[in-house]
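Colleague: Sharing a model prediction with you, sequence too.
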Amino acid sequence: MHPIIYDVAVSADGFIAAPGGAVEAFPHDGAIVADYRARLADYTVALMGRSTYEFGYRYGLPPGANPYPHMRSVVVSSGLELPGDASVERWPSLDPGRLGRLRDEAGGPVYLCGGGVLAASLLAMGAIDRLRLKRAPILLGGGTPLFAGDGPRPALRMTGQVDHGGGLLYQEFDVLT
């Protein structure tokens with residue numbers, strides 16, 4: 001069974017996007033971003049919520065297109081409308097059995113790319129194995145939290161950290177069950 005890894009940029013106050021989904025305050029170049037792009041090659045499946053998927057529309061992603069063409073992409077949403085020839089899969093909900101089959105069938109790690117509600121649901125299911133946080137020295141004051149709601153908060157074990165300077169940190173944690 002392949003791990004599910006939540007690999008995401010996060011502000012110092014715990015948000016992955018500002019109100020309205022804005023991400024402009026996060027770095028979009030430099031070593032921390034280059035490292036992230038290199039990690040993308042290791043993932044074989046992308047798992048995301050509706051808001052994360054529709055975020056791509058702002059940057060020209062057509063409905064149904066795969067934002068990560070080198071991997072299978074699954075959008076968890078009960079209301080997302082996709083064209084019949086979509087190159088992403090839509091799951092109406094998280095089903096533990098289906099998620100287990102996805103992990104078994106994946107050729108490598110599963111990339112949980114957002115958002116906070118989906119991440120909280122997966123955390124509550126005990127399905128997130130690792131966190132990879134690109135921590136930015138910014139305060140957003142609100143927006144999309146790393147994990148939405150008041151669900152369980154398991155212990156973490158830090159397995160690595162890279163200081164990219166200027167307050168930018170990459171941190172990796174195993175999620176302990």
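Modeller: Done, it's in.
Colleague: Helices of the protein, start to end?
Modeller: 31-40, 50-55, 96-105, 116-124 (DSSP state H).
Colleague: which of the residues in the last one are buried?
Modeller: Going back to what we said before, that points to helix 116-124. Neighbour-count burial for helix 116-124 flags Gly116, Val117, Leu118, Ala119, Ala120, Ser121, Leu122, Leu123 (criterion: 16 or more other CB atoms under 10 Å). Yep, even glycine has a C-beta here, placed from its N, CA and C like the rest.
Colleague: Quick one: mean pLDDT for it?
Modeller: For helix 116-124, the mean pLDDT works out to 95.
Colleague: Also the shortest one?
Modeller: Averaged across helix 50-55, the pLDDT comes to 94.
Colleague: again, but for the first one
Modeller: Average pLDDT, helix 31-40: 96.
Colleague: What lies in contact with that helix?
Modeller: Contact with helix 31-40 is made by Asp7, Pro27, Tyr68, His70, Tyr111, Arg132, Lys134, Val162, His164, Leu168, Tyr170, as judged by CB atoms under 8 Å, 6 or more residues apart in numbering.
Colleague: Alpha carbons of that helix, as PDB, please.
Modeller: In PDB, the C-alpha atoms belonging to helix 31-40 read as follows (Å, rounded to 0.1, in the frame of the first residue of the first chain):
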ATOM      1  CA  ALA A  31      15.000  26.500  -4.300                       C
ATOM      2  CA  ILE A  32      11.900  25.600  -2.200                       C
ATOM      3  CA  VAL A  33       9.800  25.600  -5.300                       C
ATOM      4  CA  ALA A  34      12.400  23.700  -7.300                       C
ATOM      5  CA  ASP A  35      12.500  21.000  -4.700                       C
ATOM      6  CA  TYR A  36       8.700  20.700  -4.700                       C
ATOM      7  CA  ARG A  37       8.700  20.400  -8.500                       C
ATOM      8  CA  ALA A  38      11.300  17.600  -8.300                       C
ATOM      9  CA  ARG A  39       9.200  15.800  -5.700                       C
ATOM     10  CA  LEU A  40       6.200  15.900  -8.100                       C
END
